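1. Build the 3D model from these lines:
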Amino acid sequence: MDSNTFIPQAFIDKMSTILPAHLNIDDLVASCRRPLRRAIRINTIKISIEAFLVIAENKNWQLTPIPWCTNGFWIELDEQQFPLGNSAEHLAGLFYVQEASSMMPVSALTHHFQGSAQSTLLDAAAAPGSKTTQLAAEMNNQGLIIANEYSSSRIKMLHANIQRCGIKNVALTHFDANVFGQWLPNTFDAILLDAPCSGEGTVRKDKQAMKNWGQGAIESISATQKTLIESAFQALKPGGVMVYSTCTLSLEENQEVCLHLQETYPEQVEFLSLGDLFKGADKTVTEQGFLHIWPQVYDTEGFFVASIKKTGHVESPQANKRLGKFPFQPAAITTKEKLFNYFQQQFGITEIEGVLYQRDDEFWLFPENIIPLINELRFSRLGIKIAEQFGKGRKSGFKCTHEFATCYGQQTTSSINLLAHQAREYFQGRDIHDIDTKNSKGEVLLSYQGYIIGLGKSLDNRIKNSLPRDLIIDKNLFEQ
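-> Alright, predicted model coming up:
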């Protein structure tokens with residue numbers, strides 16, 4: 001219990017008026033003062049749940065299943081001694097550190113929406129990437145996810161997490177999410193709107209989360225949320241499903257936002273009940289079928305999740321777009337053949353999905369679903385950069401990217417496995433000396449404990465480091 005956690009009396013008084021009769025305000029305050037349980041989500045794009053459980057058992061990690069997410073687990077370990085974020089498994093993208101309740105929105109979305117390779121989805125407020133990466137795993141890296149983030153400072157973190165997890169079906173955009181209703185009406189098969197909020201539910205991990213708490217701020221945020229949910233609903237296809245979620249507890253930011261949408265579009269809004277999302281969901285389900293998650297019920301953060309179906313067409317405001325020239329061109333067939341032959345000869349990789357585009361000497365793979373949107377939206381980053389071309393004529397060649405390694409490396413028929421101290425040097429950006437390169441020449445995929453961690457260049461008895469400079473971690477790879 002932490003008495004230093006700041007909880008305003010006005011907040012306590014307000015929660016007392018909206019807390020369900022079967023719950024106790026003292027329990028709410030006590031739970032807000034307790035440290036948050038650590039949780040992880042296994043990245044099934046890179047490893048099966050069963051294989052990861054074997055790793056966890058070997059490391060003496062104590063895992064407890066999270067009821068609403070099949071690949072989510074609470075984890076117990078001594079992070080003072082072995083920081084999760086610096087474990088080999090995290091650096092290789094085998095799992096994502098994510099609070100348990102924040103796994104619920106994607107579970108709610110996939111509960112009512114069955115995606116396919118033809119699906120186009122929007123994550124309207126995507127950073128730092130926990131829900132985008134979860135959604136990509138649920139989609140099995142297929143289809144297209146537009147991951148939008150308004151904050152420019154958070155775009156880099158969003159991309160780094162997508163890259164680490166080996167995700168190739170995401171395009172990043174940087175807009176106020178209000179534009180989507182105007183710019184792309186009736187476009188998305190499913191939308192996740194994890195709206196900016198007052199963060200009342202996050203006090204267990206941030207003791208000062210409610211330092212600036214006040215009713216005026218909540219009402220201002222609520223007005224913003226109502227605008228966002230209207231725009232997202234306009235961007236949703238008729239028949240599509242949208243999940244609205246927050247990490248806060250006040251009704252103004254939750255139920256009232258959803259009811260506002262229903263009042264705005266009474267004929268087109270259908271609330272889908274989440275009461276059967278998992279065993280025990282009935283403990284927090286509201287009369288409308290939303291989940292209003294009080295911290296003491298599941299020992300999590302406070303959270304809110306609503307699932308909404310669009311049953312018919314709605315009008316959208318007229319868009320006034322200004323798009324710059326799209327800087328990519330489809331790659332020539334002969335160039336594509338040469339590049340894909342290089343991947344096969346150098347790494348034994350043959351299964352490469354998507355459409356190949358070129359910008360100057362760079363080669364990018366885009367999800368096929370992006371083609372209709374190329375002239376409709378401006379992208380911060382689109383698909384994955386897989387290679388660069390160098391030289392001319394007979395002296396020309398290709399240089400792969402770290403993204404190619406993280407997305408396709410596990411297919412390789414050959415890699416150089418690093419020992420712990422060598423992998424540590426790799427993540428520190430150093431070349432690796434005195435290593436058996438297996439007579440390999442040129443670019444090689446590097447693995448640690450059987451999982452690809454990146455690229456290097458084989459030079460006699462050393463490996464030249466190809467890790468991007470912005471991914472270098474000085475203190476890394478704490479091993480048990």
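
2. Can you name the next helix or strand after the longest helix seen in the chain?
-> Determined from DSSP state H, the single longest helix within the chain is helix 215-235. Per DSSP states H and E, the first helix or strand lying C-terminal to helix 215-235 is strand 236-246.

3. Which elements pack onto that following strand?
-> With contacts taken as 3 or more C-beta pairs under 8 Å, 6 or more residues apart in numbering; DSSP states H and E, strand 236-246 sits against helix 104-112, strand 188-194, helix 215-235, strand 303-310. To be clear about C-beta, it is placed using only N, CA and C from the backbone, and glycine gets the same treatment.

4. What's the mean pLDDT across the last one?
-> In this model, strand 303-310 has a mean pLDDT of 98.

5. Could I get the CA-only coordinates of it as PDB?
-> Extracted C-alpha coordinates of strand 303-310, given in PDB (Å, rounded to 0.1, in the frame of the first residue of the first chain):
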ATOM      1  CA  PHE A 303     -10.800   1.100 -17.600                       C
ATOM      2  CA  PHE A 304     -13.900   1.400 -19.900                       C
ATOM      3  CA  VAL A 305     -14.700  -0.500 -23.000                       C
ATOM      4  CA  ALA A 306     -17.700  -0.300 -25.400                       C
ATOM      5  CA  SER A 307     -18.400  -2.200 -28.600                       C
ATOM      6  CA  ILE A 308     -20.600  -0.300 -31.200                       C
ATOM      7  CA  LYS A 309     -21.900  -1.500 -34.500                       C
ATOM      8  CA  LYS A 310     -22.800   0.800 -37.400                       C
END
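
6. Quick check: can you name the pairing partners of that strand and their directions?
-> strand 236-246 (antiparallel), strand 269-272 (antiparallel), strand 291-293 (antiparallel) (DSSP bridges).

7. Let's have the ones you listed in a markdown table, adding distance to Thr64 and mean neighbour count.
-> Output for these, formatted as a markdown table (distance: least, C-beta to C-beta, whole Å; neighbours: other C-beta atoms under 10 Å):
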| stretch | distance to Thr64 | mean neighbour count |
| --- | --- | --- |
| strand 236-246 | 23 | 23 |
| strand 269-272 | 28 | 18 |
| strand 291-293 | 18 | 25 |
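
8. The longest helix of the chain vs strand 303-310, what angle?
-> Interaxial angle, helix 215-235 versus strand 303-310 (axes from the mean of the first three to the mean of the last three C-alpha atoms, to 10 degrees): 30 degrees.

9. quick one: helix 215-235 to chain centroid distance?
-> For helix 215-235, the distance from its own C-alpha centre to the chain's C-alpha centre is 22 Å (C-alpha atoms, centre = their mean, to the nearest Å).

10. Tell me which of the helices and strands packed on strand 236-246 lies nearest to Ile432.
-> helix 104-112 (37.8 Å; C-beta to C-beta).

11. Quick check: mean pLDDT of the helix or strand following that closest one?
-> Where DSSP H and E defines the elements, the next helix or strand beyond helix 104-112 is strand 120-123. Averaged over strand 120-123, pLDDT sits at 98.

12. name the helices or strands packed onto strand 120-123?
-> helix 130-138, strand 144-148, strand 188-194.

13. any chance of the ones you listed in JSON lines, plus distance to Gln255, mean pLDDT and mean neighbour count?
-> Formatted as JSON lines, the helices and strands packed on strand 120-123 follow (distance: least, C-beta to C-beta, whole Å; pLDDT from 0 to 100; neighbours: other C-beta atoms under 10 Å):
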{"stretch": "helix 130-138", "distance to Gln255": "21", "mean pLDDT": "97", "mean neighbour count": "25"}
{"stretch": "strand 144-148", "distance to Gln255": "25", "mean pLDDT": "97", "mean neighbour count": "28"}
{"stretch": "strand 188-194", "distance to Gln255": "15", "mean pLDDT": "98", "mean neighbour count": "25"}
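
14. Export those as JSON lines, with columns for distance to Leu23.
-> Shown next, in JSON lines, are the helices and strands packed on strand 120-123 (distance: least, C-beta to C-beta, whole Å):
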{"stretch": "helix 130-138", "distance to Leu23": "27"}
{"stretch": "strand 144-148", "distance to Leu23": "35"}
{"stretch": "strand 188-194", "distance to Leu23": "24"}
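
15. pLDDT score assigned to the nearest residue to Pro8 once chain neighbours are set aside?
-> Closest residue to Pro8 apart from its sequence neighbours, by C-beta to C-beta, 6 or more residues apart in numbering: Trp213 at 5.2 Å. Model confidence at Trp213, given as pLDDT, is 91.
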